[in-house]
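> turn this into a structure:
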Amino acid sequence: MSGEDWIGRAEAALAASGHKRGGARSALLQLLAAQTCVLSVADIEHAQNDPGRRSVSRASIYRILDELEQLQLVQRVEVGQGMVRYERARPAEEHHHHLVCVSCGRVTPFSDAGLERAIERLSKAIPLTVAEHEIVLRGACRDCGA
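This next block holds a predicted model:
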């Protein structure tokens, strides 16, 4: 799903749930739509408070992210050590997981069709209907070495 398609979907869902359009919410939607992977609240705050952009408070960022998460428009990614990052929710065919460097904090998305098939096989063998899954692999990236 393109960033523009995601923005349209997000704006429709926000309007249907009674949220106003414009301002900080629209600025945050634009930022999230342009991203290929996760952002921390600090990343969002820094980007939103660049010269030429409308300043957005940290409290507003958290409030908007909570709204978007409740509407299943963004997903929260726990990257370890109490750190949380956010990314726009994607359709199943764009599903990916994350590699997290424990040294520098870099988060890299990855996809693996074999892993997805293994999870699908596992879901048929266990007494649980799997609604969603997330895999975060932690280690040292090539730049940090190990």
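> alpha carbons only for contacts and neighbour counts from here, please
Fine.
> helix, strand or coil for the most centrally placed residue in the chain?
Nearest residue to the geometric centre of the chain (C-alpha atoms, centre = their mean): Glu87, 1.4 Å. Here Glu87 is recorded as strand under DSSP: H, G, I helix; E, B strand; the rest coil.
> ok, it touching Val74?
Yes. Using C-alpha atoms under 8 Å, Glu87 is in contact with Val74, at 5.5 Å.
> low-confidence ranges, this protein, go.
Within the chain, the stretches with pLDDT under 70 are 1, 92-93, 146.
> if we can go back for a sec, who touches the residue nearest to the centre of the chain in this structure?
Leu32, Gln35, Cys37, Val38, Leu39, Val74, Gln75, Arg76, Val77 (C-alpha atoms under 8 Å, 6 or more residues apart in numbering).
> what bridges to it?
Beta-bridge pairing of Glu87, defined through DSSP bridges, involves Gln75.
> from Ile119, how far out is the residue lying farthest from the centre of the chain?
Distance to the chain centre peaks in the chain at Ala125, reaching 29.2 Å (criterion: C-alpha atoms, centre = their mean). Note on Ala125: its distance to Ile119, by C-alpha to C-alpha, to the nearest Å, is 10 Å.
> before we move on, what about His96?
Distance, His96 to Ile119, by C-alpha to C-alpha: 13 Å.
> likewise Val107?
From Val107 to Ile119 the distance is 22 Å (C-alpha to C-alpha).
> before we move on, what about Tyr86?
For Tyr86, the distance to Ile119 equals 23 Å [C-alpha to C-alpha].
> quick one: which of the two has more around it?
A count of neighbours by other C-alpha atoms under 10 Å puts Tyr86 above the other of Tyr86 and Ile119, at 19 against 14.
> surely that one touches Arg76?
Yes. Using C-alpha under 8 Å, Tyr86 is in contact with Arg76, at 4.7 Å.
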